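Peer 1: Sequence first, predicted coordinates after that:
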Amino acid sequence: MYKKFYGFKARPFEITPDPFYVYLSEVHQEGLASLQYAIHEGKGFSVITGEAGTGKTTLVHKLLSNIDGNVRTCYIFNPLMDRDDFLHFVCKDLGIDTSGMKSRGDSIAALHSFLLKCFAKHEKVFLIIDEAHCMEPELLQEVRLMTNLETAKFKLLHVILLGQPELSQILNMPDFKPLKQRITVRYHMRPLSLDETRQYISYRLKRAGSRNLTVFSNDAVREIYRYSGGIPRLINILCDNALLTGFSSEQKRITSDIIKKTAQEMDIIPPGKSKRRKVITRSLIVFAVLFLLLLSAFVVQTLNRFWS
């Protein structure tokens, strides 16, 4: 809608994980390097964590778009399934014929046979699980057991887990100590800094064909960073809707006022204020409970006096 008005060839702030628009900040370069190292060295378990929207899924798509031919991958973007469905999905995604499988034992045997054939051809097989923090504990244990498929010296199946910070908390639970001991690559993706946010916006504008990389004023960029906290997904949402607002009011330059208006309309709250709001809400709840307890005690005491 606003492409022609701003001179874009495409919308620069789509939230889909398009490798063409991947901006490799320092943190993204390190995250991608960790994934590439895991692939190249054939590590058993690798874990990449980060807040929602920091670019974990985007990195995976970037990784898969440049992967070598001697690597087979099964990518699971939604791990909310039971163990049988999970195993069936893995086999099917790897191209294993599942038509004759009648039990879990059949599926595991077929997977083991497939992995041995890949090993003989010097092919590595990777299981990449996105949103891993949503996995049921039983399924996470199932994944650990699947990595027991190995030769005397080499792992036949390698696993990359991607998830929000809660994943680290889950892996720290006593039940997952055996899995945690197998993690050889671990990386946490932090949000972008203010300077990285500015570079990120300019990069995406340039990739979209814009000749004007100052569509967003410096004050607007600061407001974008304040409201988004440096989370790329939120940056995209704010910028996309701000451009739409600017287009509807025929403003070629996106100002801080437009960003504030957009954030209010999208109900996006700066991270600091959001935390303070939660603290205030909890305090009010505690106060209300204490007040009700005191009121109840007063009523009971008053009634006892009345009846006595």
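Peer 2: Received the coordinates, thanks.

Peer 1: which residues in the stretch 51-200 of the chain form helices?
Peer 2: With helices called from DSSP state H, counting those that start in this stretch, the stretch 51-200 of the chain shows them at 56-65, 83-93, 104-120, 137-146, 166-171, 177-180, 194-207.

Peer 1: Could you list every helix and strand that the last one packs against?
Peer 2: Using 3 or more CB pairs under 8 Å, 6 or more residues apart in numbering; DSSP states H and E, the elements in contact with helix 194-207 are helix 218-228, helix 232-248. Every residue, glycine included, has its C-beta placed from N, CA and C.

Peer 1: go again using 10 Å as the cut-off
Peer 2: Contacts defined by 3 or more CB pairs under 10 Å, 6 or more residues apart in numbering; DSSP states H and E place helix 194-207 against helix 26-41, helix 218-228, helix 232-248.

Peer 1: So which of those is nearest residue 128?
Peer 2: helix 26-41 (8.9 Å; CB to CB).

Peer 1: Pull out the buried positions in that closest one.
Peer 2: Within helix 26-41, the residues that count as buried by 16 or more other CB atoms under 10 Å are 27, 28, 31, 32, 34, 35, 38, 39.

Peer 1: Stretch 107-116 now?
Peer 2: 107, 108, 110, 111, 112, 114, 115.

Peer 1: again, but for stretch 164-174
Peer 2: The neighbour-count check on stretch 164-174 (16+ other CB under 10 Å) flags 164, 167, 170, 171 as buried.

Peer 1: for stretch 114-133, same thing?
Peer 2: Applying a neighbour-count criterion of 16+ other CB under 10 Å, one finds 114-115, 118-119, 124-133 buried in stretch 114-133.

Peer 1: before we move on, what about stretch 195-203?
Peer 2: Buried-residue list, stretch 195-203, by 16+ other CB under 10 Å: 196, 197, 198, 200, 201, 202, 203.

Peer 1: burial count for the closest residue to the fifth one other than its chain neighbours?
Peer 2: Computed as CB to CB, 6 or more residues apart in numbering, the closest residue to residue 201 that is not its neighbour in sequence is residue 216, at 5.9 Å. Using other CB atoms under 10 Å, residue 216 has 26 neighbouring residues.

Peer 1: In contact with residue 216: list those residues for me.
Peer 2: 198, 201-202, 205, 222-224, 238-239, 242-243, 246, 253-256, 258-259 (CB atoms under 10 Å, 6 or more residues apart in numbering).

Peer 1: Specify the beta-bridge partners of the spatially closest residue to residue 158 that is not a sequence neighbour.
Peer 2: Leaving out its chain neighbours, the residue that sits closest to residue 158 by CB to CB, 6+ apart is residue 126, at 4.9 Å. Beta-bridge pairing for residue 126 (DSSP bridges): residue 73, residue 158.

Peer 1: Residue 126 contacts residue 70, doesn't it?
Peer 2: No - Residue 126 lies out of contact with residue 70 (CB atoms under 10 Å); the separation is 11.3 Å.

Peer 1: Could you check how far residue 267 is from residue 3?
Peer 2: In this view, residue 267 and residue 3 are 26 Å apart by CB to CB, to the nearest Å.

Peer 1: who has more neighbours, those two?
Peer 2: For the pair residue 267 and residue 3, the greater number of neighbours falls to residue 3 (16 against 6), based on other CB under 10 Å.

Peer 1: so what's the more buried one up against?
Peer 2: Residue 3 neighbours (CB under 10 Å, 6+ apart): 9, 10, 11, 12, 208, 209, 210, 243, 247.

Peer 1: So which of those sit within helices?
Peer 2: 243, 247 (DSSP state H).

Peer 1: and which of the contacts of residue 3 is nearest to residue 177?
Peer 2: residue 12 (45.3 Å).
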